[in-house]
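Asker: structure, please.
(one chain, ligands or ions: 2)
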Amino acid sequence: MSNILDCAIIGGGPAGLTAGLYTTRGGLENVTMFEKGMPGGQIMNSSEIENYPGVTGEITGMDLMMPWPEQCQKFGLIHEMVNVTRITKDEGIFTIHKEDGTTSQAHSVIIGTGSSPRRVGFSGEDEFFGRGVGTCATCDGFFYKNKEVVVIGGGDTALEEALYLAKICSKVYLVHRRDEFRSSPNTIKRVKNTDNIELILNSVPDEVYGDKMGVTGIKVKNKDGQIRDIKVPGVFTFVGNDVNNQALIQEDGSFLCDMNKQGQVIVDISMATSLEGLYATGDMRIAAPKQVVSAAGDGAVAALQVISFVDEKLNG
Ligand code: FAD
Ligand code: NAP
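Answerer: Ligands and ions are numbered 1, 2, ... in the order given. The predicted structure is shown next:
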């Protein structure tokens, strides 16, 4: 087998794993997926997924994603657990630069590094991060069993995670900066019908405070400047995500391919970027619906393109 990979897949979320399944099952024999952690992606942090076609009943993101890596490995996908620091291209060959100091080479690259939770920016957020301030209800919710918590945000994630926490905690204060939510109508209805969720609207977090043990409370400010002090041991923030595009940044600060102002990768409908042989998928691309099903779809589309691209490159 050549030392040069047919395809390097960067990121092992729904997009990367599906790209891995389709490239290997479609006949490429030399494909490695570089994923810095456990494969599965950000949906692994979700306590409930109810919109993946064919999957009914109450299932967690982890339940959904668990079988995906095994299915790929069956067709020969290799998983290398490493953080990719940079991707470069020289004379038609991509180089994958890794945090452990090694490099790999590839004829094509499918990147699907997704996005990461954004910080809100209130006083004490960084100081208490991991000690009462968090962004994963499935991971940390149990620590607050029968206690009160605050959730910040007004999108699908904040509302769904508030619903999840309401089942474990005695009370959830949902703090949102506007009086309308950016979420699906069904989820909004469920939140409004949940007795132990109190909505605190037109309000933003001002300061989280605590002691050596962790958070003991948070002050939230409404639009009239009035402060409300809420004594809670846990604060969950869900205020959106930033695209993980760091691996595309070159030594001179430019990007490997064309990006938009938000740092999302510009692709066409075949997930091809402006650079030949480089495909971008999932949450990191322009106009991403930010859904597991669409990220998986992107992975399949890119993989089918890569199979033809590599075949043409190597066999004419
Ligand atoms: P991601 O899932 O973000 O995966 C990217 C992967 O790349 C990660 O595993 C990461 O570790 C890896 N990575 C990043 N950078 C590097 C690097 N430099 N080197 C190596 N590896 C790297 N969608 C739904 O359809 N239904 C839902 O109910 C739903 N609920 C959600 C609940 C929560 C709490 C969250 C956060 C999201 C939810 N979403 C939901 C959205 C969904 O999770 C995303 O749209 C989807 O995971 C995007 O997949 P992706 O493969 O593009 O990226
Ligand atoms: P999002 O849709 O971007 O919502 C972020 C929320 O945080 C918004 O309500 C926003 O307020 C608020 N916010 C942002 N910055 C803030 C700040 N500095 N201070 C206070 N509040 C702030 O993010 P998300 O909820 O994580 O969802 C991301 C994507 O994943 C979306 O496309 C979503 O539909 C998708 N997703 C889907 C599902 C599902 O299909 N079931 C589940 C989860 C996520 P404003 O409303 O005022 O802007």
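Asker: please count neighbours and contacts with C-alpha atoms only from this point.
Answerer: Fine.
Asker: next to ligand 2, which bits of the stretch 101-250 of the chain? Give me the list.
Answerer: Residues of the stretch 101-250 of the chain lying near ligand 2 by CA under 6 Å from any ligand atom: 120, 153-158, 176-178, 181-182, 204, 238-240.
Asker: and with 5 Å instead?
Answerer: Within the stretch 101-250 of the chain, the positions near ligand 2 by CA under 5 Å from any ligand atom are 120, 153, 154, 155, 156, 157, 239, 240.
Asker: let's have these in CSV, adding pLDDT, secondary structure and neighbour count.
Answerer: Listed next are these as CSV, based on pLDDT from 0 to 100; DSSP: H, G, I helix; E, B strand; the rest coil; neighbours: other CA atoms under 10 Å:
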residue, pLDDT, secondary structure, neighbour count
120, 97, coil, 16
153, 98, coil, 23
154, 98, coil, 24
155, 97, strand, 19
156, 95, helix, 19
157, 93, helix, 19
239, 97, coil, 19
240, 93, coil, 17
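Asker: farthest pair in those residues?
Answerer: 120 and 156 (16.3 Å; CA to CA).
Asker: which parts of the worst-scoring helix or strand of the chain on mean pLDDT are buried?
Answerer: Lowest on mean pLDDT, DSSP states H and E among the helices and strands of the chain sits helix 137-140, with a mean of 84. In terms of neighbour count (16 or more other CA atoms under 10 Å), helix 137-140 has its buried residues at 137, 138, 140.
Asker: show me what contacts the last one?
Answerer: Shown here is residue 140, whose contacts under the criterion CA atoms under 8 Å, 6 or more residues apart in numbering are residue 134.
Asker: distance check, it against residue 4.
Answerer: For residue 140, the distance to residue 4 equals 42 Å [CA to CA, to the nearest Å].
Asker: how about residue 89?
Answerer: Taken as CA to CA, the span from residue 89 to residue 4 is 13 Å.
Asker: before we move on, what about residue 118?
Answerer: Using CA to CA, we find residue 118 at a distance of 36 Å from residue 4.
Asker: so which of those two has more stuff around it?
Answerer: Higher neighbour count among residue 118 and residue 4: residue 4, with 17 against 14, using other CA atoms under 10 Å.
Asker: quick one, what contacts the more buried one?
Answerer: Residues in contact with residue 4 (CA under 8 Å, 6+ apart) are 104, 105, 106, 107.
Asker: what about burial for those, which qualify?
Answerer: Buried residues within the contacts of residue 4, counting neighbours by 16+ other CA under 10 Å: 105, 106, 107.
Asker: list the contacts for residue 305?
Answerer: Residue 305 is in contact with residue 270, counting by CA under 8 Å, 6+ apart.
Asker: element containing it?
Answerer: Using DSSP states H and E, residue 305 sits in helix 292-315.
Asker: which residues pair with residue 241 across the strands?
Answerer: In this entry, residue 241 is beta-bridged to residue 117, by DSSP bridges.
Asker: residue 203 reaches residue 173, doesn't it?
Answerer: No - in this structure residue 203 lies outside contact range of residue 173 using CA atoms under 8 Å: 11.5 Å.
Asker: the more surrounded of the two?
Answerer: Legend: neighbour count by other CA under 10 Å for residue 203 and residue 173, higher for residue 203 (23 against 20).
Asker: so what does that one have for phi and psi?
Answerer: Per-residue torsions, residue 203: phi -140, psi 150 (degrees, to the nearest 10).
Asker: any idea how far it lies from residue 132?
Answerer: Counting by CA to CA, the gap from residue 203 to residue 132 is 20 Å.
Asker: pLDDT score for residue 40?
Answerer: Model confidence at residue 40, given as pLDDT, is 97.
Asker: give me the nearest residue to it, chain neighbours excluded.
Answerer: Excluding the flanking residues, the one nearest residue 40 by CA to CA, 6 or more residues apart in numbering is residue 13, at 4.5 Å.
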